[in-house]
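Trainee: Dropping the sequence and predicted coords here.
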Amino acid sequence: MKFASTRDAGSRTDLSTALIAGLAGDGGLHVPSTLPRFTPADFAADDSIAGVAARLLQPFFEGDPLADELIAICAEAFDFPAPLKPLPVGQTHLLELFHGPTAAFKDFGARFLAGCMQRLRTSVDAPLTILVATSGDTGAAVAAAFHGLANLRVVVLYPEGRVSPRQAHQLGCFGNNITALRVTGSFDDCQRLVKQALSDRELQADVALSSANSISLGRLLPQMAYYAHSALGHWRRTGAPLGFVIPTGNLGNALAAILARACGLPIGEIALATNANRVLAQFFAGANYAPMPSVATLANAMDVGAPSNFERLRWLYPDDHALRAAFAVHAIDDTTIRETIRNGLQGLGEIFCPHTACAVAALEKLRRGGATQDWAIVSTAHPAKFEQIVEPLVGRVVPPPKALADLLDRPAHAEPMASDYAALCTFLRQRE
């Protein structure tokens, strides 16, 4: 399969080139030239998430040098579970995506991308620097996935003081080929610096660069797999499609579900839960799309004022009226996040991270509005990553899972960086 740009439908790029480049040459985002179509019967032989991933992604890899490696890449990336947990509340489930090495959903896509990149780079290639802007979880997932890989470096930019202490520790605890930069500014500033660098041909003449943010196809495509796997399992048990309520900031995780549904998987309605950064909520309520400076919230990984993947969403739904009709979007403020964490879900004793709490609150709004179908709350991170928020609200310690605890035992260091493009360029060139 070839891939086009969101800004030029006639452009054609092979998958491996798109993975290495990050952005399309015109500054747009890579998108499939066509979308394959599946039925549930196409996955009859695939019970594991790795098997579903390999079958789902095969058309996207067809004709690419990585095609013969796809099964092995999926086996490496999807070697931990994404359980769909039934809750004793009518037709409600919890899709737990936090069982990976950094306790966040981004482990799946980051490990998949690392597997691809490792196979595309050879010992004679110049080192490739992976630039990552993170609002909390992306950077740690990418750092863990790429740590120690030959000829691959990672530079993580995160907004100083706007990630949780445990997230900040994860970002700086790897060392070796991983560097963390604590940027004076917001996530949007970090994202702007990364995009500017990836579009700077003069800089790339000196430093080979790529991306591991959700703008990367290597992150986006594999994230379709856990939606496909959970929806297929639910379909086989009940014969009904499964809807998803997805916490979202940069729209990558939500877009993966949207693409999986567009490919024919038995996915029902898709609802998006945002925080007090209301760009998407305002657009879906009828306003013009208008990025704005992000504001800090309890759900910090969703503190995005200019969601990159909105460009892909508009590619899939070029008519704004059709786009607004396709999804429900609910903005959840910090007061409601606190109440949701404190109360759990109807007193069931579940403990949620602030991002998952946004999805829980959004589903409760949908239920009050009469939504009776089967829904899955997408749980994107383990609550122990946000212990300073969660523990006072639930009144007890939330033990971190072992993988997270091991990372927290390591020393951590991050270098200061001004929100200044010239400073970033100087830093990257000095590392060569």
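Mentor: Great, that's in hand. Residues are numbered from 1 along each chain as shown.
Trainee: And the helices in the stretch 151-300 of the chain, which stretches?
Mentor: In the stretch 151-300 of the chain, the helices defined using DSSP state H, counting those that start in this stretch lie at 165-172, 187-198, 201-206, 217-238, 252-262, 279-284.
Trainee: Which one of these lies nearest to residue 294?
Mentor: helix 187-198 (5.1 Å; C-beta to C-beta). Bear in mind the C-beta positions are built from the backbone N, C-alpha and C, glycine included.
Trainee: give me the element residue 330 is part of.
Mentor: strand 328-331 (DSSP states H and E).
Trainee: C-terminal to that strand, what's the next element?
Mentor: Downstream of strand 328-331, the first helix or strand assigned by DSSP H and E is helix 334-343.
Trainee: Per-residue confidence, residue 426, what does it come out as?
Mentor: If you check residue 426, the pLDDT there is 95.
Trainee: what's the strand or helix carrying residue 143 in contact with?
Mentor: Assigned by DSSP H and E, residue 143 belongs to helix 138-146. Residues outside helix 138-146 that contact it (C-beta atoms under 8 Å, 6 or more residues apart in numbering): 100-102, 104, 106-107, 109-111, 113-114, 117, 130, 132, 134, 152, 154, 156-158, 167, 170-171, 174, 177-178, 180, 212-214, 301, 407.
Trainee: mind running it again at 6 Å?
Mentor: Residues from elsewhere that reach helix 138-146 (C-beta atoms under 6 Å, 6 or more residues apart in numbering): 101-102, 104, 106-107, 110-111, 114, 132, 152, 154, 156, 158, 170-171, 174, 178, 212.
Trainee: Which among those residues count as buried?
Mentor: Neighbour counting by 16 or more other C-beta atoms under 10 Å classes 101-102, 104, 106-107, 110-111, 114, 132, 152, 154, 156, 158, 170-171, 174, 178, 212 among those as buried.
Trainee: Quick one: distance of stretch 194-204 to the chain centre.
Mentor: Mean-position distance between stretch 194-204 and its chain equals 22 Å (C-alpha atoms, centre = their mean, to the nearest Å).
Trainee: Give the burial count for residue 140, as a bare number.
Mentor: By the measure other C-beta atoms under 10 Å, the count of residues near residue 140 is 35.
Trainee: for residue 51, helix, strand, or coil?
Mentor: For residue 51, the assignment made with DSSP: H, G, I helix; E, B strand; the rest coil gives helix.
Trainee: Check the spacing between it and residue 229 real quick.
Mentor: 9 Å (C-beta to C-beta, to the nearest Å).
Trainee: who touches residue 302 in this structure?
Mentor: Contacts of residue 302 by C-beta under 6 Å, 6+ apart are 249, 275, 355.
Trainee: pLDDT value on it, please?
Mentor: 93.
Trainee: Also residue 154?
Mentor: Confidence score, pLDDT, at residue 154: 94.
Trainee: quick revisit: for the contacts of residue 302, which one is nearest residue 426?
Mentor: Closest approach between the contacts of residue 302 and residue 426, by C-beta to C-beta: residue 249, at 29.1 Å.
Trainee: those strands in the stretch 1-150 of the chain, which residues are they?
Mentor: Ranges of strands in the stretch 1-150 of the chain, per DSSP state E, counting those that start in this stretch, are 2-5, 8-14, 30-32, 84-87, 92-96, 128-133.
Trainee: Residue 348 is nearest to which of these?
Mentor: Nearest of the strands of the stretch 1-150 of the chain (C-beta to C-beta): strand 84-87, 6.4 Å.
Trainee: how close does residue 247 sit to residue 343?
Mentor: Counting by C-beta to C-beta - residue 247 and residue 343 are separated by 18 Å.
Trainee: still on that earlier bit, let's have the helices of the stretch 151-300 of the chain in TSV, adding mean pLDDT and distance to residue 416.
Mentor: Output for those, formatted as TSV (pLDDT from 0 to 100; distance: least, C-beta to C-beta, whole Å):
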stretch	mean pLDDT	distance to residue 416
helix 165-172	91	12
helix 187-198	91	13
helix 201-206	92	21
helix 217-238	96	27
helix 252-262	97	28
helix 279-284	96	29
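Trainee: Sort out which residues of stretch 147-164 are buried, please.
Mentor: By 16+ other C-beta under 10 Å, the buried positions in stretch 147-164 come out as 147, 149, 151-160, 162-164.
Trainee: Quote the end-to-end distance of it.
Mentor: Start to finish, the residues bounding stretch 147-164 are 22 Å apart (C-alpha to C-alpha, to the nearest Å).
Trainee: Please identify which of residue 51 and residue 229 sits among more neighbours.
Mentor: residue 229 (27 against 18).
Trainee: TSV for the helices of the stretch 151-300 of the chain, including distance to residue 142?
Mentor: Below are those laid out as TSV (distance: least, C-beta to C-beta, whole Å):
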stretch	distance to residue 142
helix 165-172	10
helix 187-198	12
helix 201-206	19
helix 217-238	9
helix 252-262	13
helix 279-284	24
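Trainee: what does stretch 389-400 rub up against?
Mentor: Counting by C-beta under 6 Å, 6+ apart, 298, 341-342, 351, 354, 383-384, 387 sit against stretch 389-400.
Trainee: Whichever of those count as buried, I'd like them selected in PyMOL; how would that read?
Mentor: Entered in PyMOL, the line below selects the buried ones among the contacts of stretch 389-400, by 16+ other C-beta under 10 Å:
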select buried, resi 298+341+351+354+383+384+387
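Trainee: Farthest-apart pair in the contacts of stretch 389-400, please.
Mentor: Among those, 342 and 384 lie farthest apart (C-beta to C-beta), at 16.7 Å.
Trainee: Pull up the pairing partners for the helix or strand of the chain with the lowest mean pLDDT, direction included.
Mentor: One helix or strand of the chain scores below all others by mean pLDDT, DSSP states H and E: strand 209-211, with a mean of 87. Here strand 209-211 is paired, per DSSP bridges, with strand 128-133 (parallel).
Trainee: Could you tell me the angle between the strand it pairs with and helix 138-146?
Mentor: Angle of strand 128-133 versus helix 138-146, following axes from the mean of the first three to the mean of the last three C-alpha atoms, to 10 degrees, is 160 degrees.
Trainee: Residue 183 against residue 157, yeah?
Mentor: Yes: if you go by C-beta atoms under 6 Å, residue 183 and residue 157 touch, sitting 5.1 Å apart.
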